[in-house]
Structures are given as structure tokens and as C-alpha cells.
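Asks: Fold the following, please.
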Amino acid sequence: MNSLKFKYTQLIKDEAQRLGFSFCGVSKAEFLEEEAPLLERWLKNGMNGKMQYMENYFDMRLDPRKLVDGAKSVISLMLNYYPKEKQTADSHYQISKYAYGRDYHKVLKGKLKQLLQFIQTEIGEVNGRAFVDSAPVLDKAWAKKSGLGWVGKHSNIITKQQGSYFFIAELIVDLELDYDEIPVKDFCGTCTKCIDSCPTNAIVSPQIVDGSKCISYLTIELKEQIPEEYNNKFKNWVFGCDICQDVCPWNR
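Replies: Numbers count the residues shown, from 1 in each chain. Okay, the predicted model is just below:
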């Protein structure tokens, strides 16, 4: 073990915790071999719906070194957003829990900037860039690779400690760190509650969500009239949807 890399990594993780992040993990900045064919197949099958932007920058989505010159490490961070108070099940209109509070892009970007400044102050000249769901980065793939959790059948990252309600962000830096290479075991087992509960059958197979059928896509991303086949299937959801996560035993 390189003692300096370990020291720097621990410094970063301690500061991430101080800034309020729930989890922090580190992985080597490299091409995502496992995800490449999965992403290609997902796009080929039109599961991105009208989100044409998902077809752009294919190589960048898979290789962080194309986003940051000399990138060596991806620091993955997760912040739990499960609210203390939530809408009741019989509310006339339901919005996704992630939209209850302030714009998460601004909240996380501010924390990431503080973390990068801390790294540059404590470690030295480090080049890095913050990413919060606004650039071609496969957040969940990096969170999994960094040992933060496993990918549930609803395709979200799950942890035994806090379930799956997380904002995910990254700092890609040109600093070599101590990598979290031990994958987290999948604890979904034979449970299919998320698949069985989706009103639009958007979870076509474990870990594969057809975005064009997802209520979150239909109520947020789709700028056209919602197809008639989904009439009366929204169960009062008007902005996003949490059904697949609400039924997950790990969120109980």
C-alpha cells in the first residue's frame, strides 16, 4: 500500500463526510468496459425516448479521461435526500422526493467546489472538475465501481445502511489515490417488488429501465403530449415518480 495515496484518500473522505455527503468512494479513471455494450444496446433499443442528448458524447460517457486532462481518479459521492416529512399516499398530486427541496445541482456543486478547494489546499496543485448530473458521466456506474453500493433491479444504487434515495456526484481529478476495488454484494435476492409495482412496466428486466416508459421521463423529460396508452396509469404522479423506490424493502 502506498502510504501517501492512502493518506490523501482518507483526507478526502473525511472532508466529504464533514461537508455532509453520506458516502464517498474512489475508483481509477479508466474506460468503462462493462458498461459500454449495455449503453450501446440501451440506446439502440430506443430506451432513451426523445432524450436525443443521451446519444451524444458516447465515448466521453465511458471514459472520464476525455473529460479531464490527465485524469487518474474518480471520486464518487452520494447524498441521501429522503425527507423527514413526505406527502401522504392519498395526496391529489405527487411529486418525486428529490424535488422537495432546493435545486440539488446547486447544492452539490457548492459542496464539490469546497471539496476540490480543500484538496488543492491540503495536497497541492491538483486539476479537477465537478460533475452533478449535467455532463456525460455515468453516475451510477461510477458509484458502483467506487464500492458505494449495488445496482438494484430498479437500476438505482442501493446501500444497506440508507436505501436508494441518493443524489450522485463526481470529482474527476488528476491525482492518483487509493482505490475502492471491492464491489458491494447485491442483496436484492429474488425480490421483484420494484418490477411488479411499476404502473407502466418500465423496468423491462433487472437493472434495465426503458426510459421511454418511465413516469419520471413522461412527466419531466417528454416535451410532447403523453401517449394515450399511459392514460390512468400515473397514480397522481405529476412530476417524477418514486414507486419503484418506495416499495423497495431497503427503503423501509
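Asks: Could you measure from Gln207 over to Gln120?
Replies: From Gln207 across to Gln120, the span is 37 Å (CB to CB, to the nearest Å). Every C-beta, even on glycine, is put in place using the N, C-alpha and C of the backbone.
Asks: Please point out which parts of the helix of greatest length in the chain sit buried.
Replies: Longest helix of the chain, by residue count under DSSP state H: helix 104-122. Of the residues in helix 104-122, Tyr104, Val107, Leu108, Lys109, Lys111, Leu112, Leu115, Leu116, Phe118, Ile119 count as buried by neighbour count, 16 or more other CB atoms under 10 Å.
Asks: wait, is Tyr53 part of a helix?
Replies: Yes - assessed by DSSP: H, G, I helix; E, B strand; the rest coil, Tyr53 belongs to a helix.
Asks: I'd say Ile220 and Phe239 touch.
Replies: Yes - counting by CB atoms under 8 Å, Ile220 does reach Phe239; the two are 6.4 Å apart.
Asks: Strands of the stretch 1-150 of the chain, residue ranges please.
Replies: In the stretch 1-150 of the chain, the segments counted as strands under DSSP state E, counting those that start in this stretch are 23-28, 73-80, 94-95, 128-131, 150-151.
Asks: what about Val137, how many residues close to it?
Replies: 24 (other CB atoms under 10 Å).
Asks: which residues touch stretch 179-193?
Replies: 25-28, 73, 144, 146-153, 158-160, 206, 247-250 (CB atoms under 8 Å, 6 or more residues apart in numbering).
Asks: who touches Phe234 in this structure?
Replies: Pro199, Ile215, Leu218, Thr219, Cys241 are the contacts of Phe234 under CB under 8 Å, 6+ apart.
Asks: Surely it is in a strand?
Replies: No - if the criterion is three-state DSSP, then Phe234 is coil and not within a strand.
Asks: Relative to Ser216, how far out is it?
Replies: In terms of CB to CB, Phe234 sits 11 Å off from Ser216.
Asks: who touches both of these two?
Replies: Shared contacts of Phe234 and Ser216, counting by CB under 8 Å, 6+ apart, come down to Cys241.
Asks: what residues does stretch 29-46 touch?
Replies: By CB under 8 Å, 6+ apart, stretch 29-46 touches 48, 54-55, 58, 61-65, 68, 71-74, 138, 141, 145, 172, 208, 210, 212.
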